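Trainee: give me coordinates for this.
(chains A and B)
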Amino acid sequence: MAYFMRAFRVYRKRLKNVLKARILKVFPQLEGEFPDIPLTPSPSQELGDFSVPCFFLSKLLRISGEEIAQRVAKDFEGNRYIGSMEASGPYLNFRLRREFFYPLVIRESLRLEEGVALFPKRRRRVMIEYSSPNTNKPMHLGHVRNNVLGMALGGLLETVGWEVILVNLVNDRGIHICKSMLAYEKWGEGATPEAEGLKGDAFVGRYYVMFEQSLRRERERFMAERYGGEGGLSTALSLEEFLALIRERKLVEEGLLERARREVRTPKELEAFLRKSVGKKIWREIQRSRRQEEQRRKELLDEREREFLRHSELMAEATELLRRWEAGDQQVRRLWRRMNRWVYRGFRQTYRRLGCRFDKWYYESETYRLGKELVQRALKRQPDFVYRRSDGSVWARLEGVVDGIALQEKLLLRGDGTSVYITQDMGTAVRKFQDFPIHASIYVVASEQRLHFINLFEILKRLGYRWADRCYHFCYGMVTLPRGQGKLKSREGTAVDADDLLDDLEARVREKVLENGNVPPGSVDRVVRQVALGALKFFILLVNPGKDMVFDPGKAIEFTGDSGPSIQYSYARIRSIYRKASSSLRRAFRGEEVDYSLLREGEEEEILFLLFRFDEVVWQAAEKYSPSILAHYLLQLSRAYARFQHSCPVLGAEGRELRKARLGLCLATAAVLRRGCEILGIPLPSRM
RNA sequence: GCGCCUAUAGCUCAGUAGGAUAGAGCAUCGGUUUCCUAAACCGAAGGUCGCAGGUUCGAGCCCUGCUGGGCGCACCA
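Mentor: As a prediction, the model looks like this:
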């Protein structure tokens, strides 16, 4: 018995060989330079099971696809694999022999239930860094996407044979942590998460928000004092300001402006109004003026912000804490350790809920100095690449174009010798390859950091690390709130907290579970957790990682339709059928031959052909780093199963042989759903 | 100002390395339960695939331009 699932691949190979032989019989001149056959599922069952678009040979043969298809199909007599062939335009459609194909699909799928691997081991290790939270606040929706994608990617790579090392690089030091610490020192009055009945990370996050709020108040006072009422100036122009700007620059006639004033209520509407009413040239001029004005304001605001930060007492205190932390001040370190412990305790709970696994934890407080040494060494050994400026700062001379992006000089050490973000990441990258014999290193980090990683990998490459081009930034899009609410801002407390989200989902699931009453009381809690998690994860995994996604906390996650619970539901119903099957039927199914060619309904066929694609889908999802491919497939299978179950009775089918065959189909479907969900990190309850 | 990403049904998303008539779900309207879990099933309606060109037997997918949206271009992380 093979230790991995290979029958599908062998079968596809044979199928192609048979097709190739047939084509060669008709076109012997193709011998020697035969291209790979593009085998695709037929668009509809009426046409056939599989199709080959014959364009792929028309260049070689210099015959139209139509004629090729016709000549290949003509007088085909059938063989062990293929029953019949038919040309339809340039497509060669054919049907498989059921008596051979069906048992193959079902038996092979059932082996998944016995724990058979999908692919052989590759004896290669890959490290995946994901999650990487800051320890000053709880994880929010953005982290949830990261965690869910990280785990799913790990599952996929493991499935295709990699040994996967999952790591978390915790950002446990820096000014943001000092902000929480300062607020706690000032206003905490010795409170603890236990005393407040709060999760540790939520507790600490509260002080971070407190700091930011006080800072905002301080900013407002400062701006009001220094700049009068204009303290609250914003970058974007208000309607009045926009109108005034256009008048001041005499860009359009007074009359038009008056009309605009009557018809328009917001800057956005004014924009639309003007675009319609003025010529292209003037419109451009307006756009340019507006941008100019906004740029001017931005610079002004930035200058004022810098000025404020220089004078801010709170910031001064936070910076002082950071300085003492770096100097190893015992008291500060004690507080830091204490607060971080609280946070980790909270994080571990959340990770447990989300089903995250980490094989190794890295802490920036331990790794942040590593990069400095690299820089110092490069400064000596590669002066043409890494050099010091007169102000003491150290730079990398990056140039050229990578992925369409022109590289620029990059700061590696500040004038005072301290390291910056990229310096730390350089050190950690090297550390990873020292700690583990890994072949590749993947970073699951949001797309806003694309440039950072391009720079990082390029620097490592220039420093002579061969593995630099086996580092990969798995970037995923931002999670945004609907209706232009923009980013989730944890500072302002507008972020959707991961724990709150799960709590909310669980409450809704619980209601439904209790209402349905299919779950024994002792299992309700577990099932509720599984279904809520399935809903959340599936919602995220369904979306292509590269794309931004809109998350509407109120509406986004439904338990109906394209959702995790709908897949869990299909699975639960199969388990239910199996539970209700008589023991004699189960025995017969296990012990006797089953005639799967009895499965002749369209609904049954649809499932069989989907099952047959499972290994390919997983392979492709892994190859493309795209869990959404697998997620969509599972949904498709689950839908097909629901249709089948609606129209084909299993236990009530006519005849014991048909009952056996259908039971096999159900269990094969369950096996594939289970394995697929397992890969993605989605739990499947057997009742719900 | 420069660069990267993106634009598919009212909304949220798919679209398999150019291939047959562009698909799901939600929402809307209509139907299905003495039957293995109605978190389901069936049907209707909904589209100039942002706009304009180009490449070829063929383009939602590739190229060019334009427009809208997101992100980036820190001695922040």
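Trainee: state the distance from the residue of the stretch 501-650 of chain A found nearest RNA strand B to A:Lys121.
Mentor: Across the stretch 501-650 of chain A, no residue is closer to RNA strand B than A:Gly561, which sits at 2.0 Å (Cβ to the nearest atom of the strand). Every C-beta, even on glycine, is put in place using the N, C-alpha and C of the backbone. Summarising the geometry, the distance separating A:Gly561 from A:Lys121, computed by Cβ to Cβ, to the nearest Å, is 38 Å.
Trainee: higher neighbour count, those two?
Mentor: The residue with more neighbours, out of A:Gly561 and A:Lys121, is A:Lys121; 13 against 9, by other Cβ atoms under 10 Å.
Trainee: what about the residue of the stretch 501-650 of chain A closest to RNA strand B, which SS state?
Mentor: coil (DSSP: H, G, I helix; E, B strand; the rest coil).
Trainee: tell me who's in contact with it.
Mentor: Applying Cβ atoms under 8 Å, 6 or more residues apart in numbering to A:Gly561 gives no contacts.
Trainee: also the one 3 residues further on?
Mentor: For A:Gly564, the contact set (Cβ under 8 Å, 6+ apart) comprises A:531, A:533-539, A:682.
Trainee: right, and A:Tyr569 touches A:Pro685 too?
Mentor: No - using Cβ atoms under 8 Å, A:Tyr569 is not in contact with A:Pro685, being 9.6 Å away.
Trainee: need the contact list for A:Asp403.
Mentor: With contacts taken as Cβ under 8 Å, 6+ apart, A:Asp403 has the following neighbours: A:Ile454.
Trainee: let me know the pLDDT of it.
Mentor: In this model, A:Asp403 is scored at 86, pLDDT.
Trainee: what strands flank the helix or strand where A:Glu86 lies, and is each parallel or antiparallel?
Mentor: Taking DSSP states H and E as the criterion, the element that holds A:Glu86 is strand A:82-88. When sheet partners are counted by DSSP bridges, strand A:82-88 sits next to strand A:91-96 (antiparallel).
Trainee: just the buried positions in the strand it pairs with, please.
Mentor: The neighbour-count check on strand A:91-96 (16 or more other Cβ atoms under 10 Å) flags A:91-96 as buried.
Trainee: hmm, it touching RNA strand B?
Mentor: Yes - under the criterion of Cβ under 7 Å from any atom of the strand, RNA strand B is reached by strand A:91-96 at A:91, A:93.
Trainee: chain center to that strand, what's the gap?
Mentor: Centroid displacement of strand A:91-96 relative to its chain, using Cα atoms, centre = their mean, to the nearest Å, is 37 Å.
Trainee: before we move on, what about stretch A:315-327?
Mentor: Distance, centroid of stretch A:315-327 to centroid of chain: 36 Å (Cα atoms, centre = their mean).
Trainee: one more: stretch A:72-88?
Mentor: Relative to its chain's centre, stretch A:72-88 lies at 43 Å (Cα atoms, centre = their mean).
Trainee: ends of it, how far apart?
Mentor: In stretch A:72-88, first residue to last residue: 12 Å (Cα to Cα, to the nearest Å).
Trainee: how about the buried residues of strand A:91-96 in TSV, adding pLDDT?
Mentor: Conversion of the buried residues of strand A:91-96 to TSV gives the following (pLDDT from 0 to 100):
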residue	pLDDT
A:Tyr91	92
A:Leu92	93
A:Asn93	93
A:Phe94	94
A:Arg95	93
A:Leu96	93
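Trainee: for the stretch 301-450 of chain A, which residues are neighbours of RNA strand B?
Mentor: Near RNA strand B, when you scan the stretch 301-450 of chain A using Cβ under 7 Å from any atom of the strand, you find A:364, A:389, A:391, A:393, A:403-406, A:408, A:411, A:414-416, A:420-421, A:424, A:447-450.
Trainee: buried ones in the longest helix seen in chain A?
Mentor: Taking residue count as the measure and DSSP state H as the definition, the longest helix of chain A comes out as helix A:280-311. For helix A:280-311, the neighbour count (16+ other Cβ under 10 Å) marks A:283, A:285-286, A:289-290, A:293, A:297, A:304, A:308 as buried.
Trainee: good, we can wrap up now.
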